[in-house]
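Asker: got a structure for you, letters missing:
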């Protein structure tokens, strides 16, 4: 998903209703615009017989930078703390640290680079993680880890895809004169 239209029904075909409240609280913070009409339409399209009640949905947040901190704050604000937060322990630059924000909130923190290790898949299954929110994470996730969460991974990217994949997506889209 990028700035502009978001196809949640395609991204999360088995998404339970509980995940929608979390995702739609987080999307605007990542620069993604979703109208109320689109949310209702995509919710109806994405319903699935296997509904996970709100109190049961278990999330993992893999996030970096200010966007990661904002999504973490949104999750905490709606009463949906993640099982754990994956981030860099020592982020480069003077920006916001998702690791520090998670630690201050009393959440378990894991090094972000562990997404490359297939053993993380077992850990996700043991903790019964249903869905992973990936916000500005800088690592390529191992295929075994990608398949460990039953509802998958939802990637929040700050720029229009596929035109502006990678780092500095917002800067490049502004430089190129994008208006959407």
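Answerer: Happy to help now that I have it. Predicted, not measured: the structure shown is a model, and the values here were computed from it.

Asker: Now residue 102. Nearest residue, chain neighbours left out?
Answerer: Nearest residue to residue 102, sequence neighbours excluded (Cβ to Cβ, 6 or more residues apart in numbering): residue 85, at 3.7 Å. (Glycine included, C-beta is placed from N, CA and C.)

Asker: Next, the one you found: phi, psi?
Answerer: Per-residue torsions, residue 85: phi -130, psi 130 (degrees, to the nearest 10).

Asker: Please work out how many residues are found near it.
Answerer: If you count neighbours by other Cβ atoms under 10 Å, residue 85 ends up with 27.

Asker: Could you double-check that it sits in contact with residue 108?
Answerer: Yes - assessed by Cβ atoms under 8 Å, residue 85 is found in contact with residue 108 at 7.3 Å.

Asker: which stretches of the protein form helices?
Answerer: 8-11, 17-26, 36-46, 65-77, 98-104, 120-126, 143-146, 169-175 (DSSP state H).

Asker: Can you name the residues in contact with the fifth one?
Answerer: Residues lying outside helix 98-104 but in contact with it, judged by Cβ atoms under 8 Å, 6 or more residues apart in numbering, are 61, 63-65, 68-69, 72-73, 85, 87-89, 91, 108-109.

Asker: buried subset of the residues you listed?
Answerer: By neighbour count, with 16 or more other Cβ atoms under 10 Å, these hold 61, 63, 64, 65, 68, 69, 72, 85, 87, 88, 91, 109 as buried.
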